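K.L.:
Below are the sequence and a predicted model for it; my questions follow.
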Amino acid sequence: RGVMARGVRSHKRTAARKKRDRGVAGSGENGNHSGVGQGSHDDESNSDPWSKRKRLEQGVVEDGTHGDDGLQDDDAAYDDHDPYDAHDDGGGGQQDFGVSVGRGRLPLYDTDNARNFERFYRAQGIASSAEWPTLLASLRRPLPVTFWCTNACTSQAVVEECAKGALQLGLVERGADGHHQSNIYLSDGSSIAAPVQLKWCGAWQLGCPPSTLRNAPELQDLRGWLARFAACGALIRQEVVSMIPVSFLQIQPHHKVLDLCASPGSKTTQALEALHQDPDKPPTGFVIANDADPTRSYMLVRRCKALGRVCERLFVSLHKAQKFPDVGCSPDNPRVPNDDAHYDRIICDVPCCGDGTLRKSQDLWRRWHPEFGLSLHRLQVQIAMRGAALLKVGGIMAYSTCTFNPMENEAVVHSILKKSQGAMELLDVSEMHPDLKRRPGLHSWFVCDDNLTVFHKPEDVPAERRPLFPDTLWPPEPTSPIAAVLHRCMRMLPHLQDTGGFFVAILRKVRELPKPSSPRVRRRVVPQDAGRGQESAGAIMVPRQEPGTRYQVVPSSNLESLRRVFKLRSSCPVQSLHCRSAQPASAVTCIAPELAAHALLSPQASRLRAVHVGFKVLERAAGRDAQLVLTQEGAQWLQPWARRQVLHVTPLKIIAALQAGRVR
């Protein structure tokens, strides 16, 4: 049955591909588009773009991928894969992307959708006419490998060993003149540029894509070093533009940080690293990383667990970002905010159409169309406004996307500033990170449909299509105060520093947001097991929260047992140890007191749905009933206070024990 099923799927993919190819080969017969960019390509077809879009999307769905919206965030686009995996190009080596036409291959960037992409963004003015050839050439090249090293790793010895390996590989400056190694010459006669350090973010950019790193024999030592220390958390793979939002937030050790759309977690790890930037000043802040999808949330947990003990200041939650709960408000009056419980810094990296990731996701050339990101605009505004509501007065929020589309970028910032009525201000950060090349934000743009027909105002949109075009899509009046500051937004273009496309706006909250003119009608929530007589019209049926799923301080009896076994010193902060209230406990977790006070003990803490908190000190061993054993992180955490069952050994003694067979 499995063989037959695979055969049927293969047949469907072949049929879908042929159907799609016929649609591509049959274009270019019926004249030009009316509207923006008319006549820029003589072979551009005007033959019912809606039916063409449906054919392409049908082909994508039948081909086994997601053809509905292509949603992704910048981290998912850059980090969801392992570029060092032998079966994955990591976006760098996928050179054969194309659409079959006749007996040849038509590159994906040579299709109607790709030409509409160029026409649409040329007219929007995201780059000058002279820059467009270079910009398009950059979009057709794979991304280089980039990473940064962390000092917040589980073991300082691992960090030092990682730095030693970097010195041996020539990744750090040599001598007082700061000389780096020269270009690396490969066996096939080609060469790649020497690694470049980006001092504004402390990252490294290699001169090759992942496919070259994987296949070139001369780079195997470098590849092994990257794979080894990425696995233990000493270095983090992250695309350069993805590092920008956190770099501009200037997170301090005492800050409370909220990452609204966190998975897969590269910005979260940046925030945790920033909390621990000063080794002489222990952090008192924490990071709450949220995602709406359970699978992506657990991927976030797996990524952050490599950092070890620093996760005592990490809380991973599962909520829709636009409805993230305010845990500091009063239970009696939830509409009264408590600014002390709000966040000093918020990372608002919203879902977007992702056309800035074309260098990795080449299939977007085939699926892109002018209305690609319109359906996400309302959600982006809702998430951004929720972030503004949760931000402390004086706090800073970074709004970011991985798209070039002004309807998802400047239009959302315009909506934030307009709705906040002066409570939020757009900061001018042009003086920060002068080494980072960027372009200013747009103050004017146009709104159009898939036919590239421009709608100058909302009333121009046909009535049947009006729901897809909210009023907030249109730019502000040229003379308005908001239009005068939109240039403070930042646009990162691929050809400027060999990166992906990205957009960032840094906003500060100067006072509380205005209250809504009319209070929202809140529908009563009724548990599923409520009696029929208790149900009412309009009630929302939700499952009752099971007891035993919240964290609590470890019972004193268990703490005494722990003190007795390890003869702990009285200064040991055992109050940081928590467990699930269900008994017997399957694990004992270390949670920072400040994080516990906010996410576990605050008035509305029960509204937070926890996926993971802190790091495990003790966990139940497999095959040993009712017995908890120390984890590696737990042993390192307990070691300063333990006076019993502590054995100090050297590497030579461990090697001798292994050779003698005394260690399993």
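P.N.:
Received, thanks.

K.L.:
Can you list phi and psi of residue 287 for me?
P.N.:
When read as degrees, to the nearest 10, the backbone of residue 287 gives phi -130, psi 130.

K.L.:
Quick one: the helices in the stretch 351-500 of the chain, in order.
P.N.:
364-367, 377-390, 410-420, 494-497 (DSSP state H, counting those that start in this stretch).

K.L.:
Show me the one of these that comes nearest residue 474.
P.N.:
Set against residue 474 and scored by C-beta to C-beta, the helices of the stretch 351-500 of the chain come closest in helix 410-420, at 7.5 Å. No exception for glycine: its C-beta is placed from N, CA and C like everyone else's.

K.L.:
other SSEs contacting the closest one?
P.N.:
If contacts are counted by 3 or more C-beta pairs under 8 Å, 6 or more residues apart in numbering; DSSP states H and E, helix 410-420 sits against helix 377-390, strand 391-401, strand 424-426, strand 502-509.

K.L.:
So what touches that helix?
P.N.:
350, 377, 380-381, 384-385, 388, 399, 424-426, 441-443, 445, 472-476, 482, 485-486, 489, 505, 507, 513-514 (C-beta atoms under 8 Å, 6 or more residues apart in numbering).

K.L.:
Just the buried residues of the residues you listed.
P.N.:
Among the contacts of helix 410-420, those scoring as buried are 350, 377, 380-381, 384-385, 388, 399, 424-426, 441-443, 445, 472-476, 482, 485-486, 489, 505, 507, 513 (criterion: 16 or more other C-beta atoms under 10 Å).

K.L.:
Now render the helices and strands packed on helix 410-420 as a markdown table, adding mean pLDDT.
P.N.:
Formatted as a markdown table, these follow (pLDDT from 0 to 100):
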| stretch | mean pLDDT |
| --- | --- |
| helix 377-390 | 96 |
| strand 391-401 | 97 |
| strand 424-426 | 97 |
| strand 502-509 | 98 |
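
K.L.:
so can I have JSON lines of the ones you listed showing distance to residue 192?
P.N.:
Shown next, in JSON lines, are the helices and strands packed on helix 410-420 (distance: least, C-beta to C-beta, whole Å):
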{"stretch": "helix 377-390", "distance to residue 192": "38"}
{"stretch": "strand 391-401", "distance to residue 192": "30"}
{"stretch": "strand 424-426", "distance to residue 192": "39"}
{"stretch": "strand 502-509", "distance to residue 192": "24"}
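
K.L.:
State the distance from the residue of the chain most remote from its centre to residue 649.
P.N.:
Residue farthest from the centre of the chain, counting by C-alpha atoms, centre = their mean, is residue 660 at 47.6 Å. Distance of residue 660 to residue 649, computed by C-beta to C-beta, to the nearest Å: 14 Å.

K.L.:
what is in contact with those two at once?
P.N.:
Between them, residue 660 and residue 649 share no contacting residue under C-beta under 8 Å, 6+ apart.

K.L.:
Now do the contacts for the closest residue to residue 627 other than its chain neighbours.
P.N.:
The shortest distance from residue 627 to any non-neighbouring residue, by C-beta to C-beta, 6 or more residues apart in numbering, is to residue 621 (5.9 Å). Contact analysis of residue 621 by C-beta under 8 Å, 6+ apart lists 627-629.

K.L.:
Surely residue 214 and residue 222 touch.
P.N.:
No - contact criterion C-beta atoms under 8 Å: residue 214 and residue 222 do not qualify, at 10.8 Å.

K.L.:
what about stretch 576-588, how long is it end to end?
P.N.:
10 Å (C-alpha to C-alpha, to the nearest Å).

K.L.:
Same check on stretch 349-362?
P.N.:
So stretch 349-362: terminal residues 22 Å apart, C-alpha to C-alpha.

K.L.:
how many other residues sit next to residue 457?
P.N.:
Neighbourhood size, residue 457 [other C-beta atoms under 10 Å]: 9.

K.L.:
Repeat that for residue 622.
P.N.:
Neighbours of residue 622 using other C-beta under 10 Å come to 6.

K.L.:
element containing it, please.
P.N.:
If you go by DSSP states H and E, residue 622 is not part of any helix or strand.

K.L.:
Let's see the pLDDT reported for residue 237.
P.N.:
Listed pLDDT for residue 237 reads 89.

K.L.:
For the residue nearest to residue 514 when sequence neighbours are not counted, what are phi and psi?
P.N.:
Nearest residue to residue 514, sequence neighbours excluded (C-beta to C-beta, 6+ apart): residue 421, at 5.0 Å. The phi/psi pair for residue 421 (degrees, to the nearest 10) reads phi 50, psi 50.

K.L.:
and residue 421, what pLDDT?
P.N.:
At residue 421, pLDDT is 94.

K.L.:
sorry, back to before: closest one to residue 322 among the helices of the stretch 351-500 of the chain?
P.N.:
Here helix 377-390 is closest among the helices of the stretch 351-500 of the chain (C-beta to C-beta), at 3.9 Å.
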